[in-house]
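Colleague: Pasted the sequence and its predicted model underneath.
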Amino acid sequence: MDRGQMRQWALARRAAIAPEVRRRWDEAIWQGVEEILASLPVSEGIGGYWAVRSEPDLLTPLSAWATRHGIGVALPVALQKAAPLIFRPWRPDSPMTRDVFGLPVPAGEETLWPAVLLVPLVAFDAAGYRIGYGGGFYDRTLAAYRAAGRPVTAIGVGYECARLPDTRPEAHDLPMDWIVTEEGRFQPAERKRV
């Protein structure tokens, strides 16, 4: 399979998950994420995401956790295609608008550089590489963090049914620091490119 075929395969598998199973798996994924967050410096905030297209929906438990710990949450905003994402502060009562793809995003101009990013996975492999929707937004965003000298921990979240032996990463692809699925969490053992 090429990367486009992998993406379609994984999206079909994800869409086929029954809602009650998805809710259970999302709870298990959140538990794994919460365990990782407990060991990370998160004072600069956490970048979450607005779940679409059957992605793990973690925003509600993330918001509750962040409130308990006095930590801010930010959501990604695509201002234009083929550019890094920016992150705007978000709370459940935040005014919302739409980005260039029509997705809900926080209104306003304030931006943050969260120290931890939750990154939705369409597909992934054991080396920590992911396949997203094909726009390269998270790869550009992680590259922008590096270029700015800002440390960031990328936690990829997805379902085990979308694990592949090899996602065939390309030169611009950047691996996740952690992967969390309903079956647990792991740090990629190897990070080689093809």
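Modeller: Yes, it's here.
Colleague: Look up how far Ala15 lies from the residue nearest the centre of the chain.
Modeller: By Cα atoms, centre = their mean, the chain has its centre lying nearest to Val119, at 1.0 Å. Counting by Cβ to Cβ, to the nearest Å, the gap from Val119 to Ala15 is 19 Å. From N, CA and C alone the C-beta is placed, and that goes for glycine too.
Colleague: can you point me to the longest helix in the chain?
Modeller: helix 19-37 (DSSP state H).
Colleague: before we move on, which element is the residue nearest to the centre of the chain in?
Modeller: strand 116-120 (DSSP states H and E).
Colleague: Kindly check the end-to-end length of stretch 128-146 for me.
Modeller: 18 Å (Cα to Cα, to the nearest Å).
Colleague: cool, and stretch 114-122?
Modeller: Stretch 114-122 end-to-end distance (Cα to Cα) = 22 Å.
Colleague: Would you agree Ser63 is in contact with Ala74?
Modeller: No: contact between Ser63 and Ala74 fails when scored by Cβ atoms under 8 Å: they sit 11.4 Å apart.
Colleague: Mutual contacts of these two, please.
Modeller: Common contacts of Ser63 and Ala74, defined by Cβ atoms under 8 Å, 6 or more residues apart in numbering, comprise Gly48.
Colleague: more crowded one of these two?
Modeller: Applying other Cβ atoms under 10 Å to Ser63 and Ala74 shows that Ala74 carries more neighbours, namely 24 against 16.
Colleague: Surely that one is within a strand?
Modeller: Yes: per DSSP: H, G, I helix; E, B strand; the rest coil, Ala74 lies within a strand segment.
Colleague: who touches it in this structure?
Modeller: Neighbours of Ala74 in contact, by Cβ under 8 Å, 6+ apart: 45-48, 87-90, 106, 112, 114.
Colleague: Which strand residues bridge it?
Modeller: Beta-bridge partners for Ala74, by DSSP bridges, are Gly47, Pro89.
Colleague: The nearest residue to Gly158 once chain neighbours are set aside - how many residues pack around it?
Modeller: Nearest residue to Gly158, sequence neighbours excluded (Cβ to Cβ, 6 or more residues apart in numbering): Leu121, at 3.1 Å. Leu121: 25 surrounding residues under other Cβ under 10 Å.
Colleague: okay but Leu121 is in contact with Val157, surely?
Modeller: Yes: contact criterion Cβ under 8 Å: Leu121 and Val157 qualify, at 6.3 Å.
Colleague: list the residues that contact both of these two?
Modeller: Common neighbours of Leu121 and Val157 (Cβ under 8 Å, 6+ apart) are Ile179.
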